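In: need the 3D shape of this:
(2 chains)
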Amino acid sequence: MTGFFYIKFLLTNLAFSLILGITLLRFNKKRVYSNLEIAMVSLGLGPIFTALILYYAFIIFPRQRYFFYIAAVTAIYMVLAVFPVWRFFASGGQGTLLKKGSPDLPKTFVKGNGSRTGKLAGTIVLIAFVGAFLYIYLGRTLKTPLEQHDALVYGNLGKLYAQKREIPYTKFTFPQPNGFVFHGSHKPSFSLLLTWEIMLNPREYKQKNGFDLYFRSITGYYGLMILVLLFMILPPGKRILAPLGVIVLFSGLQFLSMILNYHLDSYRIFFLLLSWIWLAYAIKNKDNLALFLLGAFSGFAAFTHLIGLAAALLNLAAYFLFAEIPLKPRLVKTAILTLLILVFGGFQYIMEILLGSISGFMTYL
Amino acid sequence: MKIRRYIPWIIVLAALAVSIFLLSRIYPIIDQRKIENAQSKEEYIGDIETPGKKILNGYLGTFFRFKQLGNINWPVIPLLIVFLVASYRRKKNGKGPGLQQWHKALLFSWAGLLLFLSIKGYANPRYQLSLFPINTAMVFYLLWKLLENRSKYLRAFCFGIVAAIAVFNIYHYAGAYKTMWDKRIALQNPHFPQKMLDFIETSPDIHKMSRVFVINQPIFYYHTSKYGADSMSAYVVEPWVLLRKKTGDRQKAFSILKFGHLINYFLLNTTQKRFFRDTTLEEFLQCECKLFMEDNGWLLYKLRDNLLEDRLKAPDFRQVPVWNTLGTGREQVCPFLFSFNLKGKTDGFDIRALEEEKGKHILVMRNVGAIDGAAREKEKKRLDMGLDFNRQGLQVTVSPGDYVYVLVEASISPQLDNNRSNFMMLADRKAGKKKEWDRVKMPFTTYHWRTYFLEKKIRPGAQRVVVLFRFTPQTPADRLMIRDVKIFISKKEL
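Out: Numbering: from 1, shown residues only, chains lettered A, B, ... in the order given. I've put the predicted structure just below:
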């Protein structure tokens, strides 16, 4: 009934995210950023990066067997994982998977600023909160089928991509053979997660038994990640305010709805928030890792939703206007940023402009 | 010196007083519910249907859509102003750096997106939600900055107030939280049409050559493998336009859908049905379809084999002559309509038969000319008129087990459409002590002429069968018009 949900979840959200996290940590050479912060952020990267690989695979190699796409995704993660693993074994198991000399993550967490008792209490509260949430979410909420309108449209697109094994671009919004047609500005990122799930277990899909459990779990997962981000946005020493922030967030019914009802809101808002965090870092610290992550997260934001595209364009303009570097390098870095945004998700808009979209191009504008 | 120590406390308490005053003004505006009948996008969405709500919940919804986004977003505005002024003054007086570049970049991006969402996404709280987490972080950051050098008691007091205001919002909308909890966690309110989807998936009657007309229901394509014809499809644009018109051609839409697109079912939900109730779709569903299944808010209608009027011409259906288009006065046009022996009398109402292009119609309006002053208070507000079988001159026998069908064209004043006090009804009443009524009701939905259709199987033991038209005007200008009343009796179900 679960359709190998836990395997899909562990593979995509944890294993893939871990590989991306380790890769990113290696670039944190000057230790400008907390390793914990990068590790936590990377927990949200596995699903979207997998969707991005699938997107490009569908564009470049359409209509292949499912196995081909699974192999392509796996191969890319393997390539990313090779270097740190090689270093680990090259050092005879003495080194770490992280950059040499990187502090151990749990150690950093425990030894950071603030009193030990406070940290312990905070950790217990956090674990209790996450535990209660998982108990409720896995035991109750996740048992209900997908029934909300917009989420179903994304789901139908995900099924369509899985059936066609490509991202169809067309100037006209003709219905599919089963009659499905929709006018809206739905972007492929969220839908591709269902495509990925179907590819991993097509038999379950045909039997219609919980074939979309992983797809449905995305809402709650990224909802939790937003709460984690809230802890991270607040500077050390002020994180005591984070529980208060959780109360404030839940004082809006829409936030509760965002976590409990299947939708892409938590997914898109997570990347929107990250793009702003790294915009601040990129301008404040002027380092390449921050610039790279600003481009990546702005691109991911655009990859998920039209609002994300607006945010990506605004971030681009903000970087150009406010980065404290001379004009020439500023132009170069803005060009690099543009390229990064395109590579990490903005490219789909070029495709839509050139070839059209099956649900209409930017219908809401 | 002592007084200066208390100035921050005085400012905080003053700010708290202003906040409480503002909140007490804003909550009544955003909580009011004025329009029940959704006619536009604003009314359909529900919390931006009045001008005040459209501004507060819509354009400024990022800050003031309390129910959806909490009540802690608005302090961003004053805190940001204070922060900007303080930064400017600090720089001007040489006491420290002003606004940093990353502050400016974030403000630029945040303000740009805020503007974009206010203009393009004001209707949907989901879009405004995009800024909610960052607004929360901004409130905390700015408040902390403001209180950085103040006493820890003042800081604790201020953040305590923030928590209290947020908790108040949860308390204020506790009912909505309870509903959400019951639906998504307690799983008490089933809201998924499993039975209907199972039927669609397994029905041999639904296939490539016998499709379902799907009115914006992606659930159909997601949970079944059957074939539909979507209302958004370019192929069915003609019948869909006809159905969405106020006075579309029902018969033409039927022919195109049934024989052109091989449609046999209609799938929609109750919200859509309510939204389209003053369009031809409502008439179409009533006259040309039969409600086949209702499951947790989803409706599956089955299209009839022939047009309603053609079906009723069959010999199985006996028409009761109640409408005479050759008559001149109201008594001649429909002699039985006004001899109704219920509570209603025709006093105080002006009822006439009028000639028009399509024949005669009966016009009913308030007769205010004869009533004025104090008498108006006692004026009868409601008119019940109709047909009473087996009595009052209408000597037509309706037996238990018979099916009665009523077909009427009607038009009602715009302010009375979809009003529960203005309807037509087909009812039977059992004999005996309890004399309980069993009613089928249909409110008048539009001021355009449209056909209303009611059907009912008369219950065993029913002694009395009535067709009732209820008119409850609110102003002297209100009127109800009916024409071409047709009644059929049959042993067969339509």
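
In: alpha carbons only for contacts and neighbour counts from here, please
Out: OK.

In: and the strand of greatest length in chain B, what does it pack against?
Out: Ordering each strand of chain B by length in residues (DSSP state E) puts strand B:479-490 first. Packing partners of strand B:479-490 (3 or more CA pairs under 8 Å, 6 or more residues apart in numbering or on different chains; DSSP states H and E): strand B:318-320, strand B:359-366, strand B:403-412.

In: that one pairs with which strands?
Out: According to DSSP bridges, strand B:479-490 forms sheet pairs with strand B:318-320 (antiparallel), strand B:359-366 (antiparallel), strand B:403-412 (antiparallel).

In: so which bits of the helix or strand just after the longest one are buried?
Out: The one in question is strand B:403-412. Per DSSP states H and E, the first helix or strand lying C-terminal to strand B:403-412 is strand B:423-430. Judged by neighbour count (16 or more other CA atoms under 10 Å in any protein chain shown), strand B:423-430 contains these buried residues: B:F423, B:M424, B:M425, B:L426, B:A427, B:D428, B:R429, B:K430.

In: I'd like those written out as CSV, with distance to chain A and pLDDT added.
Out: Output for the buried residues of strand B:423-430, formatted as CSV (distance: CA to the nearest CA, whole Å; pLDDT from 0 to 100):
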residue, distance to chain A, pLDDT
B:F423, 33, 92
B:M424, 34, 93
B:M425, 35, 93
B:L426, 36, 93
B:A427, 37, 91
B:D428, 39, 90
B:R429, 41, 88
B:K430, 42, 84
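
In: now the two most distant members of those.
Out: Farthest apart among these by CA to CA are B:F423 and B:K430. That separation is 22.0 Å.

In: low-confidence stretches in chain A?
Out: A:1-3, A:88, A:91-116, A:118-119, A:122, A:207, A:209, A:235-237, A:239, A:360-365 (pLDDT under 70).

In: ditto for the stretch 251-400 of chain B
Out: In the predicted model of the stretch 251-400 of chain B, residues B:326-327, B:330-331, B:338-348, B:357-360, B:365-380, B:391-393 satisfy pLDDT under 70.

In: show me what residue of the stretch 351-494 of chain B gets nearest to chain A.
Out: Closest to chain A within the stretch 351-494 of chain B is B:N418: 26.3 Å, counting by CA to the nearest CA.

In: does that residue touch B:M442 like I think?
Out: No. Counting by CA atoms under 8 Å, B:N418 stays clear of B:M442, with 9.1 Å between them.

In: okay, and the common contacts of those two?
Out: Here B:N418 and B:M442 share no contacting residue, scored by CA atoms under 8 Å, 6 or more residues apart in numbering or on different chains.

In: buried stuff in stretch A:127-134?
Out: Result for stretch A:127-134 [16+ other CA under 10 Å]: buried residues A:L134.

In: distance of A:F61 from B:S231?
Out: 33 Å (CA to CA, to the nearest Å).

In: am I right that B:N169 is in contact with B:K67?
Out: Yes. Using CA under 8 Å, B:N169 makes contact with B:K67 at a distance of 7.4 Å.

In: tell me where the stretch 251-365 of chain A has helices.
Out: Along the stretch 251-365 of chain A, counting by DSSP state H, counting those that start in this stretch, helices occupy A:253-260, A:265-285, A:288-304, A:306-322, A:327-341, A:347-355.

In: go through those helices and name the closest to A:L10.
Out: helix A:265-285 (17.5 Å).

In: output that closest one as CSV, nothing but the C-alphas.
Out: C-alpha atoms of helix A:265-285 as CSV (Å, rounded to 0.1, in the frame of the first residue of the first chain):
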residue,chain,number,x,y,z
ASP,A,265,3.2,26.1,-1.6
SER,A,266,5.7,24.9,1.0
TYR,A,267,8.0,23.6,-1.7
ARG,A,268,8.1,26.9,-3.6
ILE,A,269,8.2,29.2,-0.5
PHE,A,270,11.2,27.2,0.8
PHE,A,271,13.3,28.1,-2.3
LEU,A,272,12.0,31.7,-2.3
LEU,A,273,13.2,32.1,1.3
LEU,A,274,16.6,30.5,0.6
SER,A,275,17.1,32.8,-2.4
TRP,A,276,16.7,35.8,-0.2
ILE,A,277,19.0,34.4,2.5
TRP,A,278,21.7,33.9,0.0
LEU,A,279,21.0,37.3,-1.7
ALA,A,280,21.9,38.9,1.7
TYR,A,281,25.0,36.6,2.0
ALA,A,282,26.1,37.2,-1.6
ILE,A,283,26.1,41.0,-1.1
LYS,A,284,27.4,41.0,2.5
ASN,A,285,30.2,38.5,2.1
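
In: tell me what that helix is packed against?
Out: Under the contact rule (3+ CA pairs under 8 Å, 6+ apart), helix A:265-285 is packed against helix A:213-233, helix A:253-260, helix A:288-304, helix A:306-322, helix B:101-120.

In: what lies in contact with the first one?
Out: Just to be clear, that refers to helix A:213-233. With CA under 8 Å, 6+ apart as the criterion, helix A:213-233 contacts A:2-3, A:5, A:8-9, A:37, A:40-41, A:44, A:130, A:137, A:142, A:146, A:193-194, A:197, A:239, A:242, A:245-246, A:258-267, A:269-270, A:277, B:133, B:137.

In: of the residues you listed, just the buried ones, ChimeraX syntax please.
Out: If you want just the buried ones from the contacts of helix A:213-233 in ChimeraX, going by 16+ other CA under 10 Å, the selection is:
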select /A:3,5,8,9,37,40,41,44,137,142,146,193,194,197,239,242,245,246,258,259,260,261,262,263,264,265,266,267,269,270,277 /B:133,137
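
In: output the helices and strands packed on strand B:479-490 as JSON lines; include the columns distance to A:F347.
Out: Converted to JSON lines, the helices and strands packed on strand B:479-490 look like this (distance: least, CA to CA, whole Å):
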{"stretch": "strand B:318-320", "distance to A:F347": "67"}
{"stretch": "strand B:359-366", "distance to A:F347": "64"}
{"stretch": "strand B:403-412", "distance to A:F347": "55"}
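
In: now the ones you listed in TSV, with mean neighbour count?
Out: Supplementary listing: the helices and strands packed on strand B:479-490 in TSV, determined by neighbours: other CA atoms under 10 Å in any protein chain shown:
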stretch	mean neighbour count
strand B:318-320	16
strand B:359-366	21
strand B:403-412	21
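
In: burial measure for whichever residue of chain A sits closest to chain B, as a count.
Out: Among the residues of chain A, A:G252 lies closest to chain B, at 3.9 Å counting by CA to the nearest CA. Neighbours of A:G252 under the rule other CA atoms under 10 Å in any protein chain shown: 26.

In: wait, what's in contact with it?
Out: Taking CA under 8 Å, 6+ apart as the test, what A:G252 contacts is B:F66, B:K67, B:Q68, B:L69, B:G70, B:N71, B:N169, B:I170.

In: which residue, other than its chain neighbours, is closest to the last one?
Out: With CA to CA, 6 or more residues apart in numbering or on different chains as the criterion, B:I170 has its nearest non-adjacent residue at 5.2 Å, and that residue is A:S251.

In: wait, what's in contact with that neighbour?
Out: Contacts of A:S251 (CA under 8 Å, 6+ apart): B:L69, B:G70, B:N71, B:A166, B:V167, B:N169, B:I170.

In: quick revisit: ok, which of the helices and strands packed on helix A:265-285 comes nearest A:A335?
Out: Judging the helices and strands packed on helix A:265-285 by CA to CA, what sits closest to A:A335 is helix A:306-322, at 9.3 Å.

In: CA-only coordinates of the closest one in CSV, if you can.
Out: Provided in CSV are the C-alpha atoms of helix A:306-322 (Å, rounded to 0.1, in the frame of the first residue of the first chain):
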residue,chain,number,x,y,z
LEU,A,306,5.8,32.1,-11.5
ILE,A,307,6.2,34.0,-8.3
GLY,A,308,9.6,32.5,-8.0
LEU,A,309,10.5,33.8,-11.4
ALA,A,310,9.5,37.3,-10.3
ALA,A,311,11.6,36.9,-7.2
ALA,A,312,14.5,35.6,-9.3
LEU,A,313,14.4,38.6,-11.5
LEU,A,314,14.2,41.0,-8.5
ASN,A,315,17.1,39.2,-6.9
LEU,A,316,19.1,39.6,-10.1
ALA,A,317,18.3,43.4,-10.2
ALA,A,318,19.0,43.7,-6.5
TYR,A,319,22.4,42.1,-6.9
PHE,A,320,23.3,44.3,-9.7
LEU,A,321,22.2,47.5,-8.0
PHE,A,322,23.5,46.8,-4.5
